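A.B. asks: Need the 3D shape of this:
(chains A and B)
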Amino acid sequence: SQQGEEDPQALSIQEGENATMNCSYKTSINNLQWYRQNSGRGLVHLILIRSNEREKHSGRLRVTLDTSKKSSSLLITASRAADTASYFCATATGRRALTFGSGTRLQVQP
Amino acid sequence: DAGVIQSPRHEVTEMGQEVTLRCKPISGHDYLFWYRQTMMRGLELLIYFNNNVPIDDSGMPEDRFSAKMPNASFSTLKIQPSEPRDSAVYFCASSPGTGESNEQFFGPGTRLTVL
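C.D. replies: Reported below is the predicted structural model:
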């Protein structure tokens, strides 16, 4: 199975609500990254959290990392219709390549 | 900066034909990655290069797939002969070679349909 697995696979919320997505992984990591993919487009990097960090913020995004549980969460606050996309976590284990999870499809209803 | 450029954006071909996908990475990036994305298998790393040298091609599905990077500004992914199961979106991504961040910058993808 893949290094990163997102949960849930799909999430539907109303505009203004918060959206939380989780990622679990199997091996030790150097950092964990979250990407967004709009339908029909390439992935776009959102945020990176290093293995020695526990929480990081960027605008409406909040990422946490628990290396003891090998898990991370992405929180999008005050969601907007434009946040509708698939969200992927990706883990870096020392080599330059990343391993991507299967993604969470987020639908924000206006 | 124009970002990562891929061509063509869409390709429809018949089984048995040769397909060549092209990628121009962001100038100055030392790493280039080829991915394939399908509903069934998600995003799979096929191969990646560092300074034009293939580092890991363990994700290349079979000998029908080949990739080259003749210079720092151009890479190709070739499928010969193509099969219907190769239908997917193929992404190219590049990454800078320095610094701690290994953030990747993705191109818009090539949607390949093999009939």
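A.B. asks: only C-alpha atoms for contact and neighbour calcs from this point on.
C.D. replies: Fine.
A.B. asks: burial measure for the residue of chain B found nearest chain A, as a count.
C.D. replies: Closest to chain A within chain B is residue B:108: 4.6 Å, counting by CA to the nearest CA. When neighbours are defined as other CA atoms under 10 Å in any protein chain shown, residue B:108 has 21 of them.
A.B. asks: Tell me if it really is in a helix.
C.D. replies: No. Counting by DSSP: H, G, I helix; E, B strand; the rest coil, residue B:108 falls outside a helix, being coil.
A.B. asks: Flag every residue of chain B that's near chain A.
C.D. replies: With the criterion set to CA under 8 Å from any CA of the partner chain, chain B comes near chain A through B:33, B:42-45, B:48, B:91, B:101-109.
A.B. asks: Sort out which of those residues are in helices and list them.
C.D. replies: The helices, defined by DSSP state H, take in nothing from these.
A.B. asks: for residue B:93, what are its contacts?
C.D. replies: Residue B:93 makes contacts with B:4, B:25, B:32, B:33, B:34, B:35, B:104, B:105, B:106, B:107, as judged by CA atoms under 8 Å, 6 or more residues apart in numbering or on different chains.
A.B. asks: Wait, residue B:67 touches residue B:92, no?
C.D. replies: No. At 11.5 Å, residue B:67 and residue B:92 do not qualify as touching, with contact defined as CA atoms under 8 Å.
A.B. asks: Span of stretch B:107-115 from start to end?
C.D. replies: Distance across stretch B:107-115, first residue to last, is 24 Å (CA to CA, to the nearest Å).
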